[in-house]
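Trainee: Return a 3D structure for these sequence lines:
(4 chains)
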Number of protein chains: 2
Amino acid sequence: MSKQELPVVDLNAVACCSPIAVRPMDAEQAGVVAPMFKALGDPVRLRLMSMIASVPEICVCDLTPAFDLSGPTISHHLKVLREAGLVDSDRRGTWVWYRVKPEAFRQLGALLEISAAPATGSAA
Amino acid sequence: MSKQELPVVDLNAVACCSPIAVRPMDAEQAGVVAPMFKALGDPVRLRLMSMIASVPEICVCDLTPAFDLSGPTISHHLKVLREAGLVDSDRRGTWVWYRVKPEAFRQLGALLEISAAPATGSAA
DNA sequence: ACCCTGTTTTGAAATCTGTCAAGCTAGAGT
DNA sequence: ACTCTAGCTTGACAGATTTCAAAACAGGGT
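Mentor: Sure thing, here's the model as predicted:
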């Protein structure tokens, strides 16, 4: 359909990248990284991410009741986070457990670093 | 009409916030921060942000030609970055100059910190 | 084998987003 | 005052997102 099979983010392709404040990001890199920020760009997903990142791992059954949203909706948001490469999950018996992928997390943090003292030279 | 007057992000309301990996973010905070991540969640805006952040300030006239997009489209993306509180602009004679708001930037970076040693060591 | 609970998938509706064309506004220079 | 350029706003449209209900799937227990 219109669903275009989001390519699961390949972390190796990203494991590079100086902070975006250091030099302009090229289009290719931006295309890889933007989906990660986008995944965090929804209040529900941001809270989900935060809940997941705050503990070693957490069951969907503990995530869902924290929201006024249907199960399928939460499941959808978790899928977005998974496809962005930010979290991992596995089923253990009846329940599905989610945990953060620290590399991805670190990645994003590194991109936002204000590395050095901002140059005062001209922008020309 | 469907445009719902995005509330310009109030940085003071955000100037707090432990990293999202430390404790679950509440709904209110998520509602304030998510728009910032969302603003970075588009490849074009991420590149714009990166171009702006790489120099003390930069003219729109130097941003536009870096993309295969119309002027209005770039203008629209810049507006999103502005309303997210990530950049500031002002007109100086003929040209409009953009610069990053370092507080906002720092904010986001801080949120993504993996503060302490995580409980597990997994990452299998 | 059957049912029950937890989670994901599918399908559909309402809303939002990214983009461009056309028109508008702000300064600068003549 | 007129005109030129740089940038923004409006209006419109195709495509994406968010959400739920219904249905499917996965394990566990009876």
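Trainee: residues from chain A in reach of DNA strand D?
Mentor: Listed as neighbours of DNA strand D in chain A under the rule CB under 7 Å from any atom of the strand: A:2, A:4, A:38, A:41-42, A:44, A:68-70, A:72-73, A:76-77, A:80, A:91, A:93-94. The C-beta positions use only the backbone N, C-alpha and C, and glycine is treated the same way.
Trainee: Drop anything exposed from these.
Mentor: Neighbour counting by 16 or more other CB atoms under 10 Å in any protein chain shown classes A:Lys38, A:Gly41, A:Asp42, A:Val44, A:His77, A:Val80 among those as buried.
Trainee: what packs against the helix or strand of chain A with the lowest mean pLDDT?
Mentor: Here the helix or strand of chain A ranked lowest by mean pLDDT, DSSP states H and E is helix A:102-111, holding a mean of 91. The contact analysis (3 or more CB pairs under 8 Å, 6 or more residues apart in numbering or on different chains; DSSP states H and E) places helix A:102-111 against helix A:27-40.
Trainee: Quickly check: the helix it packs on near DNA strand C or not.
Mentor: No - contact of helix A:27-40 with DNA strand C is not found when judged by CB under 7 Å from any atom of the strand; the minimum separation is 8.1 Å.
Trainee: could you give me the average pLDDT of that helix?
Mentor: For helix A:27-40, mean pLDDT rounds to 96.
Trainee: if we can go back for a sec, could I get the buried ones among the residues of chain A next to DNA strand D as a markdown table with distance to B:Ala34?
Mentor: Formatted as a markdown table, these follow (distance: CB to CB, whole Å):
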| residue | distance to B:Ala34 |
| --- | --- |
| A:Lys38 | 11 |
| A:Gly41 | 6 |
| A:Asp42 | 6 |
| A:Val44 | 8 |
| A:His77 | 12 |
| A:Val80 | 13 |
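Trainee: what's the closest of those residues to B:Arg106?
Mentor: Checking those against B:Arg106 by CB to CB gives A:Gly41 as the nearest, at 18.6 Å.
Trainee: Now do the same contact list for that closest one.
Mentor: Going by CB atoms under 8 Å, 6 or more residues apart in numbering or on different chains, A:Gly41 touches B:Ala34, B:Pro35, B:Phe37, B:Lys38, B:Ala39, B:Leu40, B:Gly41.
Trainee: what's the closest non-adjacent residue to it?
Mentor: Once flanking residues are discounted, A:Gly41 sits nearest to B:Lys38: 2.9 Å by CB to CB, 6 or more residues apart in numbering or on different chains.
Trainee: Check A:Ala53 too.
Mentor: Using CB to CB, 6+ apart, the closest residue to A:Ala53 is B:Ala21 (3.8 Å).
Trainee: ok, which pair from the buried ones among the residues of chain A next to DNA strand D is furthest apart?
Mentor: Maximum pairwise distance among those (CB to CB): 13.4 Å, between A:Lys38 and A:Val44.
Trainee: wait, isn't A:Leu63 in contact with A:Thr73?
Mentor: No - using CB atoms under 8 Å, A:Leu63 makes no contact with A:Thr73, being 11.4 Å away.
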